[in-house]
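# predicted model follows, preceded by the sequence.
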Amino acid sequence: MSNVLQKQVSFTANTTIATTTETMIAYSGRVQVTLPTVRAIVKCFCNCVPGPSTTSFRLRLFRGNTNTGTPMGNSAFIVPAAGALAAEITLTWSEQLLSMEYVDYSVWLQQAAATGSGTTQMVLLEVELING
């Protein structure tokens, strides 16, 4: 059975998502990798309020604190009606890490077709490193 080696949780709230700009809403910080081979399990929960005319949200996960390169994972949420109530979006990712000293992840959120800013009410990012 796998054992949890490291666990890091990040919580943020009230981040403004300007119109259609992709915005970082959570950062894990650096998590130390203590063995040559571990598995990373990343979970994100986002509760957000769409801006005016928003048709959908896109949540993307990147390794590191920038949104350059290929995303590790992504999740989309279609807003049922413009100005809808808060949307709940989740994302889960797992990967094997080989010979790394540390790892960090960031989560980015973007609105589609928005004419005004949206906000996050709560974002929870959990990184768990396990052996096995």
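Looks like it came in fine.

# drop to CA atoms for contacts and neighbour counts, all remaining ones
Fine.

# sketch out the low-pLDDT regions of the protein for me.
80-84, 132 (pLDDT under 70).

# what do you get if the cut-off is 80, keeping everything else the same?
Applying pLDDT under 80 to the chain flags residues 1, 69-70, 79-85, 132.

# center of it - which residue?
Val107 (3.0 Å; CA atoms, centre = their mean).

# give me the neighbour count for the closest residue in space to that one that isn't next to it in sequence.
Closest residue in space to Val107, ignoring its immediate chain neighbours: Leu61 at 4.6 Å, by CA to CA, 6 or more residues apart in numbering. Leu61 is flanked by 28 other residues according to other CA atoms under 10 Å.

# give the contact list for Leu61.
Listed by CA atoms under 8 Å, 6 or more residues apart in numbering, the contact partners of Leu61 are Pro71, Met72, Gly73, Asn74, Tyr105, Ser106, Val107, Trp108.

# which one of those residues is nearest Val42?
Tyr105 (8.4 Å; CA to CA).

# contacts only, for the closest one.
Contacts of Tyr105 by CA under 8 Å, 6+ apart are Tyr27, Ser28, Gly29, Leu61, Phe62, Arg63, Gly64, Asn65.

# can you select the buried ones from the contacts of Leu61 in ChimeraX?
Provided next is the ChimeraX selection string for whichever of those are buried by 16 or more other CA atoms under 10 Å:
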select :73,74,105,106,107,108
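
# ok, so of the contacts of Leu61, who is nearest Thr20?
Trp108 (11.9 Å).

# circling back: so the residue nearest to Val107, which of the three states?
Per DSSP: H, G, I helix; E, B strand; the rest coil, the local secondary structure of Leu61 is strand.

# re the thing from before, from the contacts of Tyr105, pick the one nearest Gln96.
Nearest member of the contacts of Tyr105 to Gln96, counting by CA to CA, is Arg63, at 12.8 Å.

# how close does the closest residue to that closest one other than its chain neighbours get to Ile89?
Distance criterion CA to CA, 6+ apart; nearest residue to Arg63, sequence neighbours excluded, is Tyr105 at 4.4 Å. Separation of Tyr105 from Ile89 (CA to CA, to the nearest Å) stands at 17 Å.
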